[in-house]
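Chemist: What follows is a predicted structure for the sequence shown.
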Amino acid sequence: MRIALYQPDIAPNAGTILRLAACLGLPAHLIEPAGFPTSDRAFRRAGMDYLDQVTLTRHASWAAFEEWRHAEALRLVLFTTRGSQNYLDFGYEPGDVLLFGRESAGVPDDVHAAADARLVVPMRKDFRSINVAVACAMAVGEALRQAGGFPG
């Protein structure tokens with residue numbers, strides 16, 4: 001199981017997600033460009049003191065990420081407000097890449113189309129979205145529960 005962030009906008013959200021990855025022992029992937037500096041120093045300034053504990057792979061672009069993913073033959077699971085399937089009703093596999101989009105705009109259509117599954121975290125009507133870090137924690141929790149991958 002892996003977490004991937006598509007061009008994140010908000011450093012504290014990315015920091016929270018990377019901390020989650022560190023605590024659960026999950027590799028994380030950052031698809032650039034981000035909307036903030038992504039140097040180790042910038043992450044530390046955002047409160048990401050767990051950075052040394054995360055296996056973080058940076059991809060210079062969506063194309064570079066896709067090249068890596070296809071070479072590894074990994075399934076891409078996108079979490080999106082435009083998803084048609086409830087994230088609780090999906091069958092996760094240990095090799096899945098769980099992708100979360102930009103806070104301001106989600107992901108573009110080509111990224112949406114590339115996903116093997118498009119899942120939604122259901123919420124009350126008339127609300128735009130759940131914070132990306134919160135949605136990530138919910139999704140990762142369910143994925144790990146199903147795949148039996150929580151740390152001991």
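Modeler: Looks like it arrived, so ask away.

Chemist: Which phi and psi values does the nearest residue to Asn86 once chain neighbours are set aside adopt?
Modeler: Spatial nearest neighbour of Asn86, excluding adjacent residues (C-beta to C-beta, 6 or more residues apart in numbering): Pro122 at 5.7 Å. Placement of C-beta: from N, CA and C, glycine included. Dihedral pair for Pro122: phi -70, psi 150, per degrees, to the nearest 10.

Chemist: same question, the one 4 residues further on
Modeler: With angles defined as degrees, to the nearest 10, Asp126 shows backbone torsions of phi 70, psi 10.

Chemist: Can you report how many residues lie near it?
Modeler: For Asp126, the tally of surrounding residues (other C-beta atoms under 10 Å) stands at 5.

Chemist: cool, and Pro108?
Modeler: 13.

Chemist: Okay, helices next: where are they in the chain?
Modeler: In the chain, the segments counted as helices under DSSP state H are 11-24, 40-45, 62-72, 109-114, 132-147.

Chemist: Would you mind telling me which of the ones you listed is nearest Arg102?
Modeler: helix 132-147 (8.3 Å; C-beta to C-beta).

Chemist: Just the residues contacting that closest one, thanks.
Modeler: Outside helix 132-147, the residues that touch it by C-beta atoms under 8 Å, 6 or more residues apart in numbering are 1, 3, 8, 10, 13, 16-17, 20, 24, 26, 77, 79, 87-88, 91-94, 96, 98, 100-101, 103, 119, 121, 129-130, 149-150.

Chemist: May I see the buried residues of it?
Modeler: Neighbour-count burial for helix 132-147, counted by 16 or more other C-beta atoms under 10 Å, picks out 132-133, 135-137, 139-140, 142-144, 146.

Chemist: where does this protein have low pLDDT?
Modeler: Applying pLDDT under 70 to the chain picks out residues 40, 42-48, 152.

Chemist: could you redo the last one with a cut-off of 90?
Modeler: 11-12, 15, 36-53, 127-129, 148-152 (pLDDT under 90).
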